[in-house]
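no letters, just coordinates:
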């Protein structure tokens, strides 16, 4: 974590004087000791590293700053003693420091770059840390990284939900041994139902379908799956269906020994399928020595209706609420299911979410009031049938206006309390924390969600984005580049890579991502062209397009129209910080408090809280936050944005004054 930085001090400190390595006293950096004349670093086990003088001077200056940011001018004054050097001199030293941190191992420290401001030394590897960044751990599987994240007891319980320390299980897609290949969805659905039942068990984490079901047929190699998902156990099986009968064979494998610890075969009538699923889940729970928590009994349901439910569940599980119409596709199927089986709680829960997805997307066909009533009906029915159906709270949270922060947070907290290891709830909470400036909490939730869904593109993307918002820009862009290469046709990943790379000045990564744009068509192609135009303007020296963009936003604000927050951030990167704040004073933000209103910023809800944002360093920024309802949320909840303690003015005092108003 940042080294004992006071949260009431400015973000940057003046230089404390020139660094004289011959006269400095012993200095500690985590488990390391720097001893006079400060040319060497001593490990706890007696090993030592000899460090070149200039690199050591910069390291000492950053350590002496106590976790605060040092500007380039500060470093020039303390380490170069005013000698005029080229612009890349500090950059070269920082590169050597980062290589040194990798050589030292154990995640001792990292150098955090604050774009257009300076640098900060961040300590890592402490037993209790508040969602800090450990660059050395990024090569580990997401589940292994999440095991080191703080539990509910850390950081004053800012992050809700305990991370189970027991087994981590992947339920693979069961093989379809029936003669009809169309029955693949049935085999998948039964496996997912078992996975859903097991995920309710306390002390057991279960990998989400989207990641576990990527391994099929010849790809079901225990060692490979264990490596990619970081799981301790696998549940695999096969299904053969013949008319009204079904045969299921299942086995539980210990990934460490690759030995089966339980297996069985079941021959049943299809109308016993729910009891059979619970029976298999209970046997797995006993083998793993965890408590089994079955759902309330499901009423009788005929085979055709059950198949319809499995098809709808597959659409929801494989879809997403932002960039596709999976909610609209699944809703009609689920509506037929609940008509035929009105006591099916899981179907009502999925229907609530499918309707909420449709309501918040461009695919809805009804007005907001009618759509909202339909979501509430499905949610209340699911809870009446099974009060533990926490997924309905995610749907209800989507009904709230964007500016209803306390209400949205309370609903998402209930979802996490009901399912602390549900990737959907964790991802939704990560997005919420992002939107209110709690970016380290957002990273924690994103990492936890990714540990349970490590091969799902959106889960990996959320972690990459939050790395940028906590200031780990190198990590952020590297992760974007890696997942883009894996999923080059994923619109969200490619667009996010382009945005982060050009905003942070990583033009090599930007150019590689730009080569993928030609794969998109229609509306997505148009959005990509907009992003490429933004990158070209930011990269170029021509002031004309920047000025045209400024005038266009001025015209919108003068007419009292809404202005997206990402556009204001774009203006700041174009060099128009004061003008952006002027526009923010005129723009209309009523949509923030309208239940039918859009997000304040297309897909980057916390854009103004990034460490690259110059707007939040201006005291006028607080007035914008008040208009967005944020000051009221911070004051009433006591949960402040991370930037509050690193700004060169009394952010909390001003926010409290405006929040009370």
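Here it is on my side, so go on. If you're wondering where the values come from, they're calculated on a predicted model, not measured in any experiment. Numbering: from 1, shown residues only.

does residue 33 belong to a helix, a strand or coil?
Secondary structure of residue 33, reduced to three states by DSSP: H, G, I helix; E, B strand; the rest coil: strand.

show me the beta-bridge partners of it.
residue 28, residue 42 (DSSP bridges).

secondary structure element holding the spatially closest residue to residue 460 that is not a sequence neighbour?
Distances taken as Cβ to Cβ, 6 or more residues apart in numbering put residue 483 closest to residue 460, at 4.8 Å, once the chain neighbours are dropped. Quick note: C-beta positions are derived from backbone N, CA and C, even for glycine. In this assignment (DSSP states H and E), residue 483 forms part of helix 473-486.

state the mean pLDDT of the helix or strand following that helix.
Tracing the chain past helix 473-486, the next element assigned as helix or strand by DSSP H and E is helix 491-504. Averaged across helix 491-504, pLDDT comes to 94.

tell me how far helix 491-504 lies from the chain's centre.
Shown here is helix 491-504, whose average C-alpha point lies 15 Å from the average C-alpha point of the whole chain (Cα atoms, centre = their mean, to the nearest Å).

what of stretch 456-476?
Distance of stretch 456-476 from its chain centroid, counting by Cα atoms, centre = their mean, is 7 Å.

what do you get for stretch 600-611?
13 Å.

make 22 the first number, not 1, from now on.
All set: I'll call the first residue 22, so the last point we hit is now stretch 621-632.

got the end-to-end distance for stretch 638-650?
Taking Cα to Cα, to the nearest Å, the span from the opening residue of stretch 638-650 to its closing residue is 19 Å.

what does that stretch contact?
32, 424-426, 598-599, 602, 605-606, 610, 613-614, 621, 629, 636, 652-653, 668-670, 672, 675-676, 679-680, 682 (Cβ atoms under 8 Å, 6 or more residues apart in numbering).

and those, which are buried?
32, 424-426, 598, 602, 605, 610, 613, 621, 629, 636, 652-653, 668, 672, 675-676, 679-680 (16 or more other Cβ atoms under 10 Å).

before we move on, back to that, and the residue nearest to residue 481, how far from residue 462?
Computed as Cβ to Cβ, to the nearest Å, the residue 504 to residue 462 distance reads 22 Å.

same question, residue 90
The span separating residue 90 from residue 462 equals 21 Å under the rule Cβ to Cβ.

show the contacting residues for the closest residue to residue 595 other than its chain neighbours.
Once its chain neighbours are removed from consideration, residue 595 has its nearest residue in residue 567; the separation is 4.2 Å (Cβ to Cβ, 6+ apart). Contact partners of residue 567, counting by Cβ under 8 Å, 6+ apart, are 558, 595, 596, 597.

when residue 504 and residue 462 are compared, which one has more neighbours?
In this comparison of residue 504 against residue 462, neighbours counted by other Cβ atoms under 10 Å, the higher total goes to residue 462 at 26 against 21.

doesn't residue 453 make contact with that one?
No: Residue 462 is not in contact with residue 453 according to Cβ atoms under 8 Å; the separation is 9.1 Å.

quick revisit: only the buried subset of the contacts of residue 567, as a ChimeraX command please.
For anyone working in ChimeraX, the buried entries among these, judged by 16+ other Cβ under 10 Å, can be selected with:
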select :558,595,597
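
nearest to residue 121 among the contacts of residue 567?
For those, the minimum distance to residue 121 (Cβ to Cβ) is 34.7 Å, reached by residue 596.

so residue 111 is in which element?
Here residue 111 is covered by helix 109-125, with elements defined by DSSP H and E.

could you check the angle that helix makes with helix 494-507?
Orientation note: helix 109-125 sits at an angle of 70 degrees relative to helix 494-507 (axes from the mean of the first three to the mean of the last three Cα atoms, to 10 degrees).

buried ones in helix 109-125?
Using 16+ other Cβ under 10 Å as the burial criterion, the residues of helix 109-125 that qualify are 110, 111, 114, 115, 118, 119, 121, 122, 125.

how about the residues you listed in TSV, adding distance to residue 297?
Listed next are these as TSV, based on distance: Cβ to Cβ, whole Å:
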residue	distance to residue 297
110	69
111	65
114	64
115	60
118	59
119	55
121	58
122	53
125	54
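
so among those, where is pLDDT lowest?
Minimum pLDDT for the buried residues of helix 109-125 is recorded at residue 125 (70).

that one touches residue 62, doesn't it?
Yes: using Cβ under 8 Å, residue 125 is in contact with residue 62, at 7.3 Å.

what is in contact with the two at once?
Here residue 125 and residue 62 share the contacting residues 53, 70, scored by Cβ under 8 Å, 6+ apart.

hang on, the earlier thing: now the helix holding residue 111, how far from the centre of its chain.
28 Å.

quick one: neighbours of residue 286, just the number.
Other residues close to residue 286 by other Cβ under 10 Å number 11.

residue 360 now?
Counted with other Cβ under 10 Å, the neighbours of residue 360 add up to 9.

now do residue 478
Neighbour count for residue 478, taken as other Cβ under 10 Å: 17.

try the one 5 residues further on
Using other Cβ under 10 Å, residue 483 has 25 other residues around it.

I figured it hits residue 474, correct?
No: at 10.0 Å, residue 483 and residue 474 do not qualify as touching, with contact defined as Cβ under 8 Å.

show residues contacting the helix holding residue 111.
Contacts to helix 109-125, defined as Cβ under 8 Å, 6+ apart, come from residues 53, 62, 64, 70, 72-73, 75-76, 79-80, 93, 96-97, 100-101, 129-132, 134, 140, 156-157, 495.

same thing but at 10 Å, please
When contacts are taken as Cβ atoms under 10 Å, 6 or more residues apart in numbering, the neighbours of helix 109-125 outside the stretch itself are 50-53, 62, 64, 68, 70, 72-73, 75-80, 83, 93, 96-97, 100-101, 104, 106-107, 128-132, 134, 139-140, 142-143, 145, 156-157, 495.

what's the first helix or strand after the helix or strand of the chain with the lowest mean pLDDT?
Sorting the helices and strands of the chain by mean pLDDT, DSSP states H and E puts helix 163-167 at the bottom, at a mean of 39. Heading C-terminal from helix 163-167, the first helix or strand you meet, by DSSP H and E, is strand 189-192.

same for that following strand, what does it pack against?
If you count contacts as 3 or more Cβ pairs under 10 Å, 6 or more residues apart in numbering; DSSP states H and E, strand 189-192 packs onto helix 163-167, helix 205-219, strand 226-227, helix 230-233, helix 243-250, strand 254-263, strand 266-275, helix 294-309.

give me whichever of those is most buried.
strand 226-227 (a mean of 26; mean count of other Cβ atoms under 10 Å).

and that strand, which strands flank it?
Under the criterion DSSP bridges, the sheet neighbours of strand 226-227 are strand 189-192 (parallel).

what pLDDT, on average, does the partner strand get?
93.

what is the mean pLDDT for stretch 324-341?
Within the predicted structure, the mean pLDDT of stretch 324-341 is 83.

could you point out where the stretch 372-521 of the chain is predicted with low confidence?
For the stretch 372-521 of the chain, residues meeting the criterion pLDDT under 70 lie at 383-384.

can you give me the strands for it?
Counting by DSSP state E, counting those that start in this stretch, the stretch 372-521 of the chain forms no strands at all.

partners of the closest residue to residue 287 other than its chain neighbours in the sheet?
If the residues on either side of it in the chain are set aside, residue 287 comes closest to residue 269, at 4.9 Å by Cβ to Cβ, 6+ apart. In this structure, residue 269 has the following beta-bridge partners (DSSP bridges): residue 260, residue 287.

what sits against residue 269?
195, 208, 211-212, 215, 258-262, 285-289, 294, 297-298, 300-301.

got the domain boundaries for the chain?
Dividing the chain into domains by automatic domain parsing, as the record does, gives the ranges 48-147, 189-310, 320-440.

redo these as TSV? Include distance to residue 549.
As requested, the domains of the chain are arranged in TSV below (distance: least, Cβ to Cβ, whole Å):
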stretch	distance to residue 549
domain 48-147	24
domain 189-310	25
domain 320-440	13
